[in-house]
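Novice: sequence and computational prediction follow.
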Amino acid sequence: MTKAVLSTIELLVLLLPAAALLAVYMARVFRGERTFLSRALRPIEKLIYRLCRIDEGGEMSAKSYGLCVVAFTLVGCLALFLIQMLQGILPLNPQGLRGVRWDTAINTAISFGTNTNWQAYAGETTMSVLTQMLGLAVQNFLSAAVGMAVAIAMVRGFTRRESATIGSFWVDLVRSVVYVLLPLALVLSVVLVSQGVVQTLRAPVEVRTIEGATQVIPMGPVASQEAIKELGTNGGGYYNANSAHPFENPSGLSNLLENLALLLVPTALVLTFGSLVGNRRQGRALLAAMLVLFALGLGLSFWAELSGSPRLSEAGVASGENLEGKEMRIGIPASVLWAQSTTATSTGAVNSSHDSALPLSGLAQLFNMGIGEVVLGGAGVGLVGMLFYVVLAMFIAGLMIGRTPEFLGKKLGAREMVMAVVGILLPPVLLLGGSAIALVVPAGLAGLGNPSAHGLSEILYAYTSAAANNGSAMAGLSVDTPFYNLTLGLVMLIGRFATLLPGLAIGAAVARKKTVPSSIATFPTTGPLFVVVLVGVILLVGALTYFPAFSLGPILEHLLLQAGGAA
Amino acid sequence: MKEVRTALLVLLVFTLLLGLAYPLLVTGVGQLAFPRRANGSLVAVEDRVVGSALIGQSFTSARYFHGRPSFSDYDAMASGASNLGPTNPAYLLDVRDRVDAIRREDGLPAGAPVPADLALASGSGLDPEISLEGALLQVGRVAAARGVDASVVRELVMRSAIGPFLGAFGERRVNVLLLNLALDGVS
């Protein structure tokens, strides 16, 4: 218990000040102002504009902004698909791996292009150094930057009056990479190497152990990829075991820093939002709502995992401690804290096996993803998703007080409302529909790694993770089959655009409007009442959507675990 | 289409910057500043590499401390967890078998609880460490097999114990390979 509280406090003590600093910095970056890094980075930024023939002062309508988002995402997916298929004849392939199988390559290309980083493959034996470095790691940066750009464009909509444009996608993208992600990744990757994360282009090393056995130890440029994997809320591990692997996460310090990194950009962006709309209290109010939801999920998970498993106690395990799938240098509290962080954001990196977690912590993880990852959320997309709920909450509040709903001086009309509801409800429709299909077709059931209620959770988790672009898994489910690769690929792709495009549409709709001055009758959106309404709306939508599915999966399994009945 | 052309150009430029320049720069800095760690924290005995301090390996002899159960039997090219669910009957039977085996090997009475890490598989299948309790439990067996005084072995275990980081991250634990190498050094 002490460790649970202590680890959470230590993480927050680092996170909140770091996010506040980064938020101020990002507000300057996205307003195009000078920062302390401009002397070094401005030439790189300008060079990229010149090489790519980007007009720095260019402005786009939501339609062209959205078109660029879609074109850039699809071009990235296609390039990644080709690199995987051709890796056998490309250089930097010290293990002599062959091209990736077509359905795995499609799934992985969509997965990394949409910031999901779902992995149907095992990195050690599937991806060459070139594919990891030039393919996967590049998309780690770019998919995160796309999410950040869209969030900034949407927020910009709230700051403009009677404007037909919301900024330039290419400029927002380049600034996200050059000023934010790249400098952070450089620093973090070097710190990670100092902890023991490997960083080399060498082939795997063969050793003879002192008992005379042979062990082949994989290598790779891991630290550079690990850093952006967390900072970009990506989550695709270099190795199969992801951040549970000692070469990805070798120490208590690396674990703390990686956990911090995966929360940092989403947390800061919420505060940047406050700065950009000229009301920092607005950003803090959204962050407060997120932290309340974070605390609820974390509390449930801690309670479940620290109570231990009665079935393990019966089997003779001391205190029924649920260490299955967890590492000693990380321990149970830090595994729980990470699991909550990685599903609250869209990261999906794991430092323990979520399949072996106790049912109620699984429930918290499913809920975090199911509500659209608005508890901090993905780099950018978390803020976008939260703003959908804000529109919905203001609509409901407007109905209650009998006034046209408004937010930040913008009257919210039918268009904003429709787009927000599409963004909130399309992912659940996809994931519940997808799970339902997988639960009745033989190709879906064939993948199950565990029987009974837990099996249902595995399938539900897979589609939830895909629709929310999370990428973590209850990895006992065998998903490297054409059925899962293609259905999950489709869900990831639709889930991604179901967040990005309605976000842009709302941004454009409010940009066109006048800003009305606030009056005494305006519902204040920076106080505790707003936070309560917002959290209430999110919990209500989540509970109404998922209660039936959750009661057949994690809730039933929890009862079975406690009762000692046959699973 | 103009958007697609720009998209291709941006992807190309960023692939060079983020896919080549960035990882190569980190590789250069890492290899210069932390060469041992950047190359896998390999451990050598008399110039022969016997493993990595960070990657667990299988120990079966009674003379050595044993690590945690591993889903891949410490095949470092196949990292991963068992991914067995907490109510899976086959998994719970496996755990019972492991608990019984540990009680037999280390001379515990029937029904005695066994430290969780010794009976439950790790997340990576390559966890290089076990809990301090898990190591102390094995002291008697290891000392008997080597014909040395148990207090010597216990002292070695206590000296190897590390963690938790900042009082919260990780368990109080020992590195199995390094402990076993230290054992070979004294007896």
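Specialist: Noted; the coordinates are in hand. Numbering: from 1, shown residues only, chains lettered A, B, ... in the order given.

Novice: and stretch A:525-536, which residues are buried?
Specialist: Within stretch A:525-536, the residues scored as buried using 16 or more other CB atoms under 10 Å in any protein chain shown are A:T525, A:T526, A:F530, A:V531, A:V533, A:L534, A:V535. All C-beta spots, glycine's among them, are computed from the backbone N, C-alpha and C.

Novice: what about the residues you listed, which are in strands?
Specialist: In this view, the buried residues of stretch A:525-536 have no member that belongs to strands under DSSP state E.

Novice: redo those residues as JSON lines? Include distance to A:A244.
Specialist: Below are the buried residues of stretch A:525-536 laid out as JSON lines (distance: CB to CB, whole Å):
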{"residue": "A:T525", "distance to A:A244": "41"}
{"residue": "A:T526", "distance to A:A244": "40"}
{"residue": "A:F530", "distance to A:A244": "39"}
{"residue": "A:V531", "distance to A:A244": "35"}
{"residue": "A:V533", "distance to A:A244": "39"}
{"residue": "A:L534", "distance to A:A244": "34"}
{"residue": "A:V535", "distance to A:A244": "32"}
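
Novice: nearest to chain B, of the residues you listed?
Specialist: Of all the buried residues of stretch A:525-536, A:V535 has the smallest distance to chain B: 27.5 Å, by CB to the nearest CB.

Novice: show me the shaky parts of the chain.
Specialist: Went with chain A since none was named. For chain A, applying pLDDT under 70 flags the ranges A:565-567.

Novice: center of it - which residue?
Specialist: A:S346 (1.2 Å; CA atoms, centre = their mean).

Novice: any idea which element A:Q215 lies in?
Specialist: strand A:214-217 (DSSP states H and E).

Novice: show me how far the helix or strand that that strand is followed by is from its chain's centre.
Specialist: Using DSSP H and E, the helix or strand that follows strand A:214-217 in sequence is helix A:222-231. Relative to its chain's centre, helix A:222-231 lies at 14 Å (CA atoms, centre = their mean, to the nearest Å).

Novice: which other helices and strands does helix A:222-231 contact?
Specialist: Applying 3 or more CB pairs under 8 Å, 6 or more residues apart in numbering or on different chains; DSSP states H and E, we find helix A:222-231 packed against helix A:137-159, helix A:182-195, helix A:252-276, helix B:22-33.

Novice: list the contacts of A:R329.
Specialist: For A:R329, the contact set (CB atoms under 8 Å, 6 or more residues apart in numbering or on different chains) comprises A:P246, A:P250, A:S251, A:G252, A:N255, B:D127, B:E129, B:G163, B:F169, B:G170, B:E171, B:R173.

Novice: list phi and psi for the most far-flung residue of chain A relative to its centre.
Specialist: Relative to the centre of chain A, and counting by CA atoms, centre = their mean, the farthest-placed residue is A:G212 at 43.1 Å. Phi and psi for A:G212, reported as degrees, to the nearest 10, are phi 90, psi 0.

Novice: excluding residues flanking it in the chain, which one is nearest the residue of the stretch 201-350 of chain A found nearest chain B?
Specialist: Going by CB to the nearest CB, chain B is nearest to A:G252 of the stretch 201-350 of chain A, at 2.6 Å. Excluding the flanking residues, the one nearest A:G252 by CB to CB, 6 or more residues apart in numbering or on different chains is B:F165, at 2.6 Å.

Novice: the one you found bridge partners, please.
Specialist: Beta-bridge pairing of B:F165 under DSSP bridges involves B:F169.

Novice: and the helices in chain B?
Specialist: Along chain B, counting by DSSP state H, helices occupy B:2-14, B:22-33, B:35-38, B:89-105, B:116-119, B:132-146, B:150-160, B:176-186.

Novice: so how far is stretch B:31-47 from its chain's centroid?
Specialist: Averaging C-alpha positions (CA atoms, centre = their mean) puts stretch B:31-47 17 Å from its chain's average.

Novice: likewise stretch B:6-15?
Specialist: On CA atoms, centre = their mean, the centre of stretch B:6-15 falls 41 Å from that of its chain.

Novice: swap in stretch A:257-275?
Specialist: Distance, centroid of stretch A:257-275 to centroid of chain: 12 Å (CA atoms, centre = their mean).

Novice: hmm, who's touching stretch A:451-460?
Specialist: A:355, A:359, A:362, A:366, A:431, A:435, A:438-439, A:444, A:447-450, A:474, A:476-477, A:549, A:552-554, A:556-557, A:560, A:567, B:85-89.

Novice: in it, what's buried?
Specialist: A:S452, A:A453, A:H454, A:G455, A:L456, A:S457, A:E458, A:I459, A:L460.

Novice: which one of the helices and strands packed on helix A:222-231 lies closest to B:F59?
Specialist: B:F59 sits nearest to helix A:252-276 of all those, at 24.0 Å, using CB to CB.

Novice: so which bits of the stretch 251-400 of chain A are right by chain B?
Specialist: By CB under 8 Å from any CB of the partner chain, the residues of the stretch 251-400 of chain A that approach chain B are A:251-253, A:255-256, A:309, A:311-312, A:315-331, A:333-335, A:350-353, A:355-359.

Novice: narrow the buried residues of stretch A:525-536 to those in helices?
Specialist: Counting by DSSP H, those contribute A:F530, A:V531, A:V533, A:L534, A:V535 to helices.

Novice: hang on, isn't the third one packed against A:F395?
Specialist: Spelled out, that is A:V533. No. A:V533 lies out of contact with A:F395 (CB atoms under 8 Å); the separation is 10.9 Å.

Novice: between the helices of chain B, which one is closest to A:G283.
Specialist: Nearest of the helices of chain B to A:G283, taken as CB to CB: helix B:2-14 at 29.1 Å.

Novice: and chain A, is the closest one touching that?
Specialist: Yes. With CB under 8 Å from any CB as the criterion, chain A is reached by helix B:2-14 at B:E3, B:V4, B:T6, B:A7, B:L8, B:L9, B:V10, B:L11, B:V13, B:F14.

Novice: of those, grab the buried ones for ChimeraX.
Specialist: Remark: buried members of these, expressed as a ChimeraX selection using 16+ other CB under 10 Å:
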select /B:3,6,7,8,9,10,11,13,14
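
Novice: how about TSV for the residues of helix B:2-14 next to chain A, with pLDDT added?
Specialist: Shown next, in TSV, are these (pLDDT from 0 to 100):
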residue	pLDDT
B:E3	91
B:V4	95
B:T6	97
B:A7	97
B:L8	97
B:L9	97
B:V10	98
B:L11	98
B:V13	98
B:F14	98
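
Novice: distance to B:A182 and neighbour count added to the contacts of A:R329, as CSV?
Specialist: Output for the contacts of A:R329, formatted as CSV (distance: CB to CB, whole Å; neighbours: other CB atoms under 10 Å in any protein chain shown):
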residue, distance to B:A182, neighbour count
A:P246, 19, 30
A:P250, 20, 24
A:S251, 20, 22
A:G252, 22, 24
A:N255, 25, 27
B:D127, 19, 30
B:E129, 14, 29
B:G163, 17, 21
B:F169, 24, 26
B:G170, 20, 25
B:E171, 20, 30
B:R173, 15, 25
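
Novice: turn those residues into CSV, including distance to A:V205.
Specialist: What follows is the contacts of A:R329, written out as CSV (distance: CB to CB, whole Å):
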residue, distance to A:V205
A:P246, 15
A:P250, 16
A:S251, 21
A:G252, 25
A:N255, 24
B:D127, 19
B:E129, 21
B:G163, 27
B:F169, 28
B:G170, 26
B:E171, 28
B:R173, 25
